[in-house]
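>>> Below: sequence and its predicted model.
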Number of protein chains: 4
Amino acid sequence: MTEQIPEPQESQFKRQLRIIIFGTDTPAGRWFDIGLIISIIVSVMLVLLDTVQSVNSRYGTLIHVLEWCFTLLFSLEYGLRLYCSANKRQYALSFYGLVDLLSILPSYLAILLPGTNLALVVRVLRLFRIFRVLKLLRYLSEGNLLLRAMMQSSRKVFIFFFSVSLIIMVLAAIMYLVEGPASGFSSIPKSIYWTIVTITTVGYGDITPKTPLGQAIAAFTMLLGYSIIAIPTGILTAEISQEMGHRRDLRRCDNCLKTGHEASAQYCNQCGSELPQEI
Amino acid sequence: MTEQIPEPQESQFKRQLRIIIFGTDTPAGRWFDIGLIISIIVSVMLVLLDTVQSVNSRYGTLIHVLEWCFTLLFSLEYGLRLYCSANKRQYALSFYGLVDLLSILPSYLAILLPGTNLALVVRVLRLFRIFRVLKLLRYLSEGNLLLRAMMQSSRKVFIFFFSVSLIIMVLAAIMYLVEGPASGFSSIPKSIYWTIVTITTVGYGDITPKTPLGQAIAAFTMLLGYSIIAIPTGILTAEISQEMGHRRDLRRCDNCLKTGHEASAQYCNQCGSELPQEI
Amino acid sequence: MTEQIPEPQESQFKRQLRIIIFGTDTPAGRWFDIGLIISIIVSVMLVLLDTVQSVNSRYGTLIHVLEWCFTLLFSLEYGLRLYCSANKRQYALSFYGLVDLLSILPSYLAILLPGTNLALVVRVLRLFRIFRVLKLLRYLSEGNLLLRAMMQSSRKVFIFFFSVSLIIMVLAAIMYLVEGPASGFSSIPKSIYWTIVTITTVGYGDITPKTPLGQAIAAFTMLLGYSIIAIPTGILTAEISQEMGHRRDLRRCDNCLKTGHEASAQYCNQCGSELPQEI
Amino acid sequence: MTEQIPEPQESQFKRQLRIIIFGTDTPAGRWFDIGLIISIIVSVMLVLLDTVQSVNSRYGTLIHVLEWCFTLLFSLEYGLRLYCSANKRQYALSFYGLVDLLSILPSYLAILLPGTNLALVVRVLRLFRIFRVLKLLRYLSEGNLLLRAMMQSSRKVFIFFFSVSLIIMVLAAIMYLVEGPASGFSSIPKSIYWTIVTITTVGYGDITPKTPLGQAIAAFTMLLGYSIIAIPTGILTAEISQEMGHRRDLRRCDNCLKTGHEASAQYCNQCGSELPQEI
């Protein structure tokens, strides 16, 4: 695909294409993106529906035809992206480049390796197409504040989860001894599963304590899980508050240099001049 | 209802009626509203009780008679509202006008279209009467702070839910492959249902993982759901704190211009003069 | 009990007794309170254990004897309180006076009205004795901050719960129509019970949706319940932060008048002089 | 082990060993710690896997051999620690000294007391080895902020839990009377177990209310548990925010004395000089 053609002439078309495919500022680029998002969502829906027995037996053929249409469409898109990108290798090895490749590869692999036992493996690979939705993340820049707050609090949250996992293991060992295999606590790993089900307040009820002592320990586990959730919530809330305050301070009136404007403010509330866009 | 009668004479009675029905400042208007709220709650209670088998078989006739009383009452009210509103069309097409109409229409439709299958559908429409209670919100302006905080944080919350739904889909696909139809994970949509049940810590227990690997992934899903709830909580808390601080700043002592008074403060704590009502 | 005895002589003993029984400042008063708290907890434990079949059949007689000991003890205490209180009528009609009476009355009623059916009702009344433990709160003034924060936020929380209950009713009606009696949604009240079980993320699993549409609505209900919990949390957190900041401002260095000291600070961090106790 | 050998000569080797075993600053000390952590985790994993029936029957002998290797390794480590510590008695009686001893004792006890019934108890003691991992916390000073915030809020949280446990007991008594043994509420302690399962939103579903009144009280219990979680969360969030603000104020630019720098800041944003490390 790296053919030797006179560059300046080709470049014109390539540049136009690049602006449409990679850019989001022109109307054409915007329409391309909207079309792509719809295609991704529809193709993922097809993968989901294909696993439903009743749908598969009735519309199986239709779904497979549509699957191939989308595979060809995404192949074409991948080819065009590779063709018009300034640095082909950089794109191919980038995160989104690999996601683009992973979203078309499984369908082709299904033809190359059509064994009866392989059907399941292929189905797995086909499911990687779901990752295609990740492409959507490209369009949302608001997530940065949340990510920064999470980064800042990651060390505190790690300590919290480390302490919780120690508590879980000790409680699981105790419950294994108290309840034993008769109540479904057949091993410590299974007991850990039960403890996590309980401490996170999920509570399936597939394994439940039967003895009074076991129920007392279970009640303690629940109250613990119910109250310690306050800790990561407190950490994150404090960090997000700080990030939001910090972001406000970054937005400064160009005229009177006042900072700390509200997120929704359009004009400086001190001198009345227009404010720069929110960062 | 748009009869051609001499206006100035009629207007006197109409205006009085409008003040009672639409207004909330006069004692008569207040009593009208309280009576209306009680009628709405009682009529909704009747709809609920009517679906209970034992109640229906014993008091079925009584309930139906009362239903018709309320229907006639609400019809009369709708007629009066239409009659005394300054702009009849505007009222009929307003949100509350449509809700008022929807709360009486189903009962009349049940006579006009007395099909056995339609009875059930009509019963649903009848429930729209519940929305009439929403009018209560008209009297409570406190909800604005909550709404503003939610609006402000909507973009961040949207990104959070978008990311969570991506994680849900990927986890559902993995669980479908790991557990399969034998454990109740009969399709990816069903697997998505299980993942949501687990990640929100609801945990019905109608579908539970049976294999060790499935239980390990389930445990991870639970811990994830248990901890990420901290994110929307953190976002909203930060926004509500900001809104409350902002609201405090809006309340200013008329005498010394001091802002930032407590919500419950009645007098300025700097100069002692009375403060304006909370906004 | 309001005997006519020479007052100044009696008063001396009465005053002493009043200080011990009602006061908490003297060592004797402290010991009396601790003894009382232990008695209350033990007597409540006995009521709880008495309902356990295996314990009741073995230690039934012992428990009943102990019950009567505690009843006599609490009767004596009630008598003494009545005797030594300055205003007997005021005490007898006060909240704690009524709780004290309610904690001994059921045992006596069980003799006067020894019906087989009444035994159970009497047992309930006996549990009011638990409320006596509430007196503990008298010694803990810290609860005020929490109560103030809850009072301040009560209007916002009311609006939240009002909106949630409307959503619950609408969702319950929809689920009743979608799932119907076949899946356990036998009436709208039962459907409301299911919706509350789901929206609060409890998730018993005694009633679960069976149809794909029902499961989709259930998934939506879960996600809703999972995210709206952030609203009351945000409201309360903002109020508690404000209350804590306010409390800090109330604590002022007597020397340099600086406010805003930390809760754990013992000395003013500006002038070094000792700070007053936390309020 | 307290042999009488010429001190200055021995001291040299001892000091070196002490730096490696107890210290964390030299590369050798770091490697020793990492090796120890891995050993602890692997040995705990073996204890967990040993309780799984299928693993035990196949790899039982291998696991027991490895167990003994780790026991000897930890014994050697304990001996070295005892040998090279400056104050042997202080180490042996310290918290970590006792944990070190507890992590090797059970294996030896299993030989000395080889009863069939004792085997299970010994297995529990073996799990105390998990606590050795707690040493990890020594390297993470971040936990202090969380601990301080929890200490500060402990009195408020205690009052919250005291009030909640009273509510739980009253609700449990009411449910015992309303539902009775027929629905699984066989005693008040069991009813307390159900109430905790419900109020913490765990919701196993092993005991569920059957009567309409019981379901109504259950619904109330759920809504209560769903909303009161906001209280401890609010308390902790307010405390953590305060602690974080306080910590920021402690970090001061050595050049211009400005405080309140961000946690991630490396240079003073007022004078540009390097900031001291985060405390």
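Structure received. Residues are numbered from 1 along each chain as shown, chains lettered A, B, ... in the order given.
>>> Spell out the residue ranges of the helices in chain A.
For chain A, the helices defined by DSSP state H cover A:7-22, A:27-50, A:53-84, A:88-93, A:95-102, A:105-112, A:118-127, A:143-179, A:188-199, A:212-228, A:230-250.
>>> Could you look over the ones you listed and pick the most buried one?
Mean neighbour counts were taken over those using mean count of other CB atoms under 10 Å in any protein chain shown, and the top value, a mean of 25, falls to helix A:188-199. No exception for glycine: its C-beta is placed from N, CA and C like everyone else's.
>>> Including mean pLDDT and distance to residue B:222, could the helices of chain A go into TSV?
Written out in TSV, the entries for the helices of chain A read as follows (pLDDT from 0 to 100; distance: least, CB to CB, whole Å):
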stretch	mean pLDDT	distance to residue B:222
helix A:7-22	74	40
helix A:27-50	81	23
helix A:53-84	88	28
helix A:88-93	87	36
helix A:95-102	76	28
helix A:105-112	74	29
helix A:118-127	54	22
helix A:143-179	81	11
helix A:188-199	93	6
helix A:212-228	92	10
helix A:230-250	79	14
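>>> Rebuild these as TSV, extending it with distance to residue C:255.
Output for the helices of chain A, formatted as TSV (distance: least, CB to CB, whole Å):
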stretch	distance to residue C:255
helix A:7-22	67
helix A:27-50	66
helix A:53-84	72
helix A:88-93	67
helix A:95-102	61
helix A:105-112	75
helix A:118-127	71
helix A:143-179	37
helix A:188-199	49
helix A:212-228	40
helix A:230-250	32
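>>> Now tabulate these in TSV and tack on distance to chain D.
Conversion of the helices of chain A to TSV gives the following (distance: least, CB to the nearest CB, whole Å):
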stretch	distance to chain D
helix A:7-22	32
helix A:27-50	28
helix A:53-84	28
helix A:88-93	29
helix A:95-102	24
helix A:105-112	33
helix A:118-127	24
helix A:143-179	5
helix A:188-199	4
helix A:212-228	4
helix A:230-250	4
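>>> So for residue B:157, which of these sits nearest?
Proximity of those to residue B:157 was assessed by CB to CB; the nearest stretch is helix A:143-179, lying at 10.0 Å.
>>> Could you see whether chain C lies near that closest one?
No. With CB under 8 Å from any CB of the partner chain as the measure, helix A:143-179 is seen stopping short of chain C, the closest distance being 13.9 Å.
>>> helices or strands up against that helix?
helix A:188-199, helix A:212-228, helix A:230-250, helix B:143-179, helix B:212-228, helix B:230-250, helix D:118-126, helix D:143-179 (3 or more CB pairs under 8 Å, 6 or more residues apart in numbering or on different chains; DSSP states H and E).
>>> got the angle between the second one and helix D:230-250?
The one in question is helix A:212-228. Counting by axes from the mean of the first three to the mean of the last three CA atoms, to 10 degrees, helix A:212-228 points 50 degrees away from the direction of helix D:230-250.
>>> Over to the fourth one?
Relative orientation of helix B:143-179 and helix D:230-250, computed by the same axes, to 10 degrees: 100 degrees.
>>> The first one now?
With the same axes, to 10 degrees applied, the angle from helix A:188-199 to helix D:230-250 works out at 100 degrees.
>>> Is helix A:188-199 in proximity to chain C?
No. Helix A:188-199 stays out of contact with chain C when judged by CB under 8 Å from any CB, the minimum separation being 11.3 Å.
>>> Not counting that helix itself, show me its contacts.
A:164, A:167-169, A:171-173, A:175-176, A:179, A:184-185, A:202-204, A:207, A:218, A:221-222, A:224-225, B:203, B:212, B:215-216, B:218-219, B:222-223, B:226, D:47-49, D:51-52, D:202 (CB atoms under 8 Å, 6 or more residues apart in numbering or on different chains).
>>> let's go with 7 Å and repeat that
With contacts defined as CB atoms under 7 Å, 6 or more residues apart in numbering or on different chains, helix A:188-199 is touched by A:168-169, A:171-173, A:175-176, A:185, A:203-204, A:207, A:218, A:221-222, A:224-225, B:203, B:212, B:215, B:219, B:222-223, D:48, D:51-52, D:202.
>>> That one versus helix D:27-50: what angle between them?
For the pair helix A:188-199 and helix D:27-50, the angle between their directions (the same axes, to 10 degrees) equals 90 degrees.
>>> returning to that earlier point: I'd like the helices and strands packed on helix A:143-179 as TSV, with distance to residue D:66 appended.
Formatted as TSV, the entries for the helices and strands packed on helix A:143-179 read as follows, by distance: least, CB to CB, whole Å:
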stretch	distance to residue D:66
helix A:188-199	16
helix A:212-228	30
helix A:230-250	36
helix B:143-179	29
helix B:212-228	21
helix B:230-250	39
helix D:118-126	13
helix D:143-179	32
